[in-house]
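*Asks:* Got a predicted structure plus its sequence, pasted below:
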2 protein chains.
Amino acid sequence: MDPVDPLKACIVQLSRFPGIGERTATRLVYWLLRQAPDVASAIGAALQALPAAMTKCGRCGNISAVDPCSLCEDVKRIGGILCVVERPQDVQAIEATGEYRGRYHVLGGAIAPLDGIGPDQLNISSLLHRVGPESIAEVLIATDPDVEGDATALYLTKLLKPLDIKVTRLAHGISVGTEIEYADRSSVARAIENRREL
Amino acid sequence: MDPVDPLKACIVQLSRFPGIGERTATRLVYWLLRQAPDVASAIGAALQALPAAMTKCGRCGNISAVDPCSLCEDVKRIGGILCVVERPQDVQAIEATGEYRGRYHVLGGAIAPLDGIGPDQLNISSLLHRVGPESIAEVLIATDPDVEGDATALYLTKLLKPLDIKVTRLAHGISVGTEIEYADRSSVARAIENRREL
């Protein structure tokens, strides 16, 4: 098949997505060709519009269509508490629970010296600049429960505690719905370590 | 999140693809936002260009950027033999083997009375119009080995045999690399039925 073939070009482009190989891309393209032409146009237009439409919120670092983002601007949010996450999609995951009503701060990753990511590469100084003006009393650290997330949590705790801020972290333990028998070993270990009195 | 949010819009659009749910679409969109802006633009542009760029070959019914398609126009193809397939992607699969050097005819499906697809909904009359002018001596039927594909093969055989055309069909049996122990029952049955003398 001709390399400048629009069909082939579309397969090549879709294969750039992580987890989408040439086989899946081919399936998707042939599916598209069986739909009304506006399906491909609508999907294409949304993708093309994306990069220019999205920006980083100057206050919290989250990805947003407006700066400051709607979460930072929402007056119904509880003030005085910030939830610190690694990535914008973590904000979505926490928002989906409806359990948290404060504002967020997106670090843009976690401390990973082996990958050359130190505190200076993350949105940490902007976090420190927020705690005073926003009268932050509590910082809830929601970094991942892995080596990098733990290191980041420890680093932030050391920075924030001296400022007389309550530093908390998401609880780790056996996930809801998991039977103890099948839970992974480190989750069980954390569940024992963080056991609660009834 | 705002329903007119470009990020949300992009997730909704990508979720239209079969096999891509909201979770995968979200992952893809956040991945896009971490890439250079031209990645989203290039993927979006290729998708937008697709429907207008592709047409159906008036001769063989394959999807192509030009009409007649490059396979029909290729003078190096062996004349006198047509391979009949259900879908354009089947042409690609057979081309990938490099074993077949004739031309194709794409039916656009298979006879499926329960789905309301009869011979009139398929490119069968155009096939019959080709056999004379192109002096077709053999029609290789490559429909799927399922009820609809078998019915279509039978129907085509009944139409073509009286025209003194040799009608063949792809061999079905145990797929290469499959151990007999693990082969599905109907493949083994077909392999016995179609056994060859050594």
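*Replies:* Arrived safely, thanks for sending.

*Asks:* use CA for all of it now, contacts and neighbours both
*Replies:* Will do.

*Asks:* Neighbours of the closest residue to chain B within chain A, how many?
*Replies:* Taking C-alpha to the nearest C-alpha, chain B has its nearest neighbour within chain A at A:Gly44, 3.8 Å off. A:Gly44 sits with 25 neighbouring residues when counted by other C-alpha atoms under 10 Å in any protein chain shown.

*Asks:* in which helix or strand would I find it?
*Replies:* Using DSSP states H and E, A:Gly44 maps to helix A:37-53.

*Asks:* quick one: is whichever helix or strand comes after that helix near chain B?
*Replies:* The helix or strand immediately downstream of helix A:37-53 is strand A:55-56, counting by DSSP H and E. No - contact of strand A:55-56 with chain B (C-alpha under 8 Å from any C-alpha of the partner chain) is absent, the minimum separation being 9.5 Å.

*Asks:* which secondary structure elements does strand A:55-56 contact?
*Replies:* For strand A:55-56, the elements it packs on are strand A:63-64, judged by 3 or more C-alpha pairs under 8 Å, 6 or more residues apart in numbering or on different chains; DSSP states H and E.

*Asks:* Let me know the average pLDDT across the strand it packs on.
*Replies:* The average pLDDT for strand A:63-64 rounds to 94.

*Asks:* Residues in contact with the helix or strand following that strand: which ones?
*Replies:* Downstream of strand A:63-64, the next assigned helix or strand under DSSP H and E is helix A:70-73. The contact list for helix A:70-73, computed with C-alpha atoms under 8 Å, 6 or more residues apart in numbering or on different chains, reads A:59-60, A:64, A:77, A:103-104.

*Asks:* Name the next helix or strand following helix A:70-73 along the chain.
*Replies:* Later in the chain than helix A:70-73, the nearest helix or strand by DSSP H and E is strand A:81-85.

*Asks:* and that next one, which strands flank it?
*Replies:* When sheet partners are counted by DSSP bridges, strand A:81-85 sits next to strand A:103-106 (parallel), strand A:138-141 (parallel).

*Asks:* How far does the helix or strand following that strand sit from its chain's centre?
*Replies:* Counting by DSSP H and E, the next helix or strand C-terminal to strand A:81-85 is helix A:88-97. Relative to the chain's own centre, helix A:88-97 is displaced by 7 Å; criterion: C-alpha atoms, centre = their mean, to the nearest Å.

*Asks:* that older thread, between the contacts of helix A:70-73, which is nearest A:Val147?
*Replies:* Closest to A:Val147 out of those is A:Tyr104 (22.0 Å), distances taken as C-alpha to C-alpha.

*Asks:* hang on, that closest one packs against A:Cys83?
*Replies:* Yes - using C-alpha atoms under 8 Å, A:Tyr104 is in contact with A:Cys83, at 4.6 Å.

*Asks:* Same drill for those two, tell me which one is more crowded.
*Replies:* A:Tyr104 (27 against 22).

*Asks:* domain parsing for chain A?
*Replies:* A:6-53, A:77-169 (automatic domain parsing).

*Asks:* Which residues of chain A lie near chain B?
*Replies:* For chain A, the residues in contact with chain B (C-alpha under 8 Å from any C-alpha) are A:5-7, A:9-10, A:13-14, A:17-18, A:28, A:30-33, A:37, A:40-54, A:65, A:89.

*Asks:* Now that we have the residues you listed, which of them are buried?
*Replies:* A:5-7, A:9-10, A:13-14, A:17, A:28, A:30, A:32-33, A:40-51, A:54, A:65, A:89 (16 or more other C-alpha atoms under 10 Å in any protein chain shown).

*Asks:* Take the domains of chain A and lay them out in TSV including mean pLDDT.
*Replies:* Converted to TSV, these look like this (pLDDT from 0 to 100):
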stretch	mean pLDDT
domain A:6-53	95
domain A:77-169	94
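
*Asks:* of those, which approaches B:Val131 most closely?
*Replies:* Here domain A:6-53 is closest among those (C-alpha to C-alpha), at 27.4 Å.

*Asks:* end-to-end on the closest one?
*Replies:* End-to-end span of domain A:6-53 (C-alpha to C-alpha, to the nearest Å): 26 Å.

*Asks:* same deal with stretch A:71-82?
*Replies:* One end of stretch A:71-82 to the other measures 11 Å (C-alpha to C-alpha).

*Asks:* quick one on the thing from earlier: just name the most buried of the strands paired with strand A:81-85.
*Replies:* Highest mean neighbour count among the strands paired with strand A:81-85 (mean count of other C-alpha atoms under 10 Å in any protein chain shown): strand A:103-106, with a mean of 26.

*Asks:* For it, C-alpha coordinates in CSV please.
*Replies:* Taking C-alpha atoms only, strand A:103-106 is exported to CSV below (Å, rounded to 0.1, in the frame of the first residue of the first chain):
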residue,chain,number,x,y,z
ARG,A,103,-8.9,23.0,46.4
TYR,A,104,-5.9,21.2,44.7
HIS,A,105,-2.3,21.6,43.9
VAL,A,106,-0.8,19.6,41.0
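
*Asks:* what's the distance between that strand and the middle of its chain?
*Replies:* Centroid separation for strand A:103-106 versus its chain: 10 Å, with C-alpha atoms, centre = their mean.

*Asks:* right, and the helix or strand after that strand?
*Replies:* Remark: after strand A:103-106, the chain's next helix or strand is helix A:125-131, criterion DSSP H and E.

*Asks:* Go through that next one and flag the buried ones.
*Replies:* Going by neighbour count (16+ other C-alpha under 10 Å), the buried part of helix A:125-131 is A:126-127, A:130-131.

*Asks:* same question, stretch A:82-89
*Replies:* Within stretch A:82-89, the residues scored as buried using 16+ other C-alpha under 10 Å are A:82-89.

*Asks:* What is the nearest of those residues to B:Leu163?
*Replies:* Nearest to B:Leu163 among these is A:Gln89, at 63.7 Å by C-alpha to C-alpha.

*Asks:* phi, psi of the closest residue to the closest one other than its chain neighbours?
*Replies:* Once flanking residues are discounted, A:Gln89 sits nearest to B:Tyr30: 7.3 Å by C-alpha to C-alpha, 6 or more residues apart in numbering or on different chains. Taking degrees, to the nearest 10, you get phi -70, psi -30 for the backbone angles of B:Tyr30.
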